[in-house]
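> give me a model of this one.
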Amino acid sequence: MRLIYLLTTTLCLGAQSVPSAKFDDTQYRKALGLDSHIHMPGNCKGAPDGVYMRSGQSYYACISGRNVCNRDPAEIPDRLMRAFDASRAQFDARASQLKANAPTVRHLTPVGSGIVAAAAPSPAIVKLADEKASAVAVGHTRSQVLEALGKPHSRVSGDYEKFSYRLQSGKTLSLEFEGGQVSKVRTVTPN
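From the prediction side, this is the model:
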């Protein structure tokens, strides 16, 4: 395994390295008994001077079109390493903030050939007493319905408007509106 690891990487002897977001080779070096750190082939030609990665205590940068690390004879200026650390700290703080404000995912639901994260369950649906449903009739206005029954379980708007209320009996009260007034009242029994 040690031989494979050494063959697939280039030891830091002024070799070029590839930019990487967050690669920490510390655990691999310890497991293989390596004292040196690793560079991977890459290209800095035409890139502005700056640090592009940190692994443990090693900084990797493009300086004057060459890939260097702070263990190379041509060291990276301290100001570039400090700027990189400040930028990473800002990035990590923003990522933590976004993660803290992200919606909670409770479980994964298989959908077709993939898996989709399901959102947190919605609050319990308030079911309307069946007696209240009889208080609404054709001709009532939208505001009269909302006053008598409250906010509907679902609401559809388009060519016409439709309110649906779940009833305690398990049925659904469906109200259709035309011109702002109830035009149809139906009670639907689930199958």
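> which residues touch stretch 144-151?
Outside stretch 144-151, the residues that touch it by CB atoms under 8 Å, 6 or more residues apart in numbering are 126, 128, 132-133, 135-136, 140, 163, 165, 173, 175, 182. From N, CA and C alone the C-beta is placed, and that goes for glycine too.
> including secondary structure, pLDDT and distance to residue 55, could the residues you listed go into TSV?
Below are these laid out as TSV (DSSP: H, G, I helix; E, B strand; the rest coil; pLDDT from 0 to 100; distance: CB to CB, whole Å):
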residue	secondary structure	pLDDT	distance to residue 55
126	coil	79	55
128	strand	87	62
132	helix	87	66
133	helix	85	67
135	coil	87	70
136	coil	91	68
140	coil	94	70
163	strand	92	60
165	strand	91	60
173	strand	92	64
175	strand	93	64
182	strand	93	69
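> end to end, how far does stretch 124-137 reach?
Start-to-end span of stretch 124-137 (CA to CA, to the nearest Å) is 27 Å.
> list the contacts for residue 85?
If you count contacts by CB under 8 Å, 6+ apart, residue 85 has them with residue 54.
> look at it and tell me its secondary structure.
Three-state call for residue 85 (DSSP: H, G, I helix; E, B strand; the rest coil): helix.
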